[in-house]
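Peer 1: Below is the sequence, then the predicted model.
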Amino acid sequence: MATHPLRTSAPSLVAVGRRIASLRDGLVAKWSRFLDERQTGTVVLGLPATERLLKLIVDLLAHMSGPLRHETDETWFAATELYGRLAAVRGLSAGEVVEELQYLRELLTRDMADIFVALPARQQLPTLLRMNRVLDRGVANAVVGYTDALVATMFSREGVPVPTTDHVQELLAQLDGIEAELKLLDQRSAR
């Protein structure tokens, strides 16, 4: 993780970041239910691992609007790419990966509409566009991770995409590493 000097953030972005952090558990619960309903016939990672990843993404999204947004950028990329890799293990299509992350956008739009409306008129659209740009990059990174996982699987298993326990454990170990980076970001933002 690169260390950049702290930058000031627009008060509207700071407010959005704090609101995302305060809504995290509710967002994760709703998002998790949505994913659980779609799991029929796919490899399930288990609720604890899935919720860890969802919490990580929501926490990083909150940081992406604050003064550590440049430091969070690489971790955001890694987390959303890991989301795509795990989606490949779950047997999803690329479109389903996009749909799952778009559902997060829908939840944020609904659950945070009041804060966007409460902002001064000149800050509403730029703040909403900034959050959408971050989410768009997350979707693109997830598709990259998904595609990379499929290509790697094709080469390593002669074109037969069958996830192994070792492969899943390796991906969960990456999740541990990204969570450690988030803890460093949390410590730095507490200053």
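Peer 2: All right, it came through fine.
Peer 1: C-alpha only now, for contacts and for neighbours.
Peer 2: Fine.
Peer 1: tell me, what residue is most central in the chain?
Peer 2: Centrality entry for the chain: nearest residue to the mean C-alpha point is Ile57, 3.0 Å, by C-alpha atoms, centre = their mean.
Peer 1: what's near enough to touch that residue?
Peer 2: Residues near Ile57 by C-alpha atoms under 8 Å, 6 or more residues apart in numbering: Trp76, Ala79, Thr80.
Peer 1: out of those, who's nearest Ala142?
Peer 2: Within those, the smallest distance to Ala142 is 4.9 Å, found for Thr80 (C-alpha to C-alpha).
Peer 1: give me the element that closest one is part of.
Peer 2: Assigned by DSSP states H and E, Thr80 belongs to helix 69-89.
Peer 1: SS state for Glu181?
Peer 2: Three-state assignment for Glu181 (DSSP: H, G, I helix; E, B strand; the rest coil): helix.
Peer 1: count of residues packed around it?
Peer 2: Using other C-alpha atoms under 10 Å, Glu181 has 17 other residues around it.
Peer 1: Quick check: it vs Thr75, distance?
Peer 2: Using C-alpha to C-alpha, to the nearest Å, Glu181 is found at 7 Å from Thr75.
Peer 1: go on, Gly95?
Peer 2: As for Gly95, its distance to Thr75 is 23 Å (criterion: C-alpha to C-alpha).
Peer 1: again with Asp36
Peer 2: Counting by C-alpha to C-alpha, the separation of Asp36 from Thr75 is 25 Å.
Peer 1: what about those two, which has more around it?
Peer 2: Using other C-alpha under 10 Å as the criterion, Asp36 and Thr75 rank with Thr75 on top: 24 against 14.
Peer 1: Ala15: helix or strand, and which one exactly?
Peer 2: Assigned by DSSP H and E, Ala15 falls in helix 11-38.
Peer 1: buried set for that helix?
Peer 2: 12-21, 23-24, 27-28, 31-32 (16 or more other C-alpha atoms under 10 Å).
Peer 1: how about the helix or strand just after it: buried residues?
Peer 2: Next in sequence after helix 11-38, counting helices and strands by DSSP H and E, comes helix 47-63. For helix 47-63, burial by neighbour count (16+ other C-alpha under 10 Å) applies to 50-51, 53-63.
Peer 1: Check stretch 183-191 too.
Peer 2: Result for stretch 183-191 [16+ other C-alpha under 10 Å]: buried residues Leu185.
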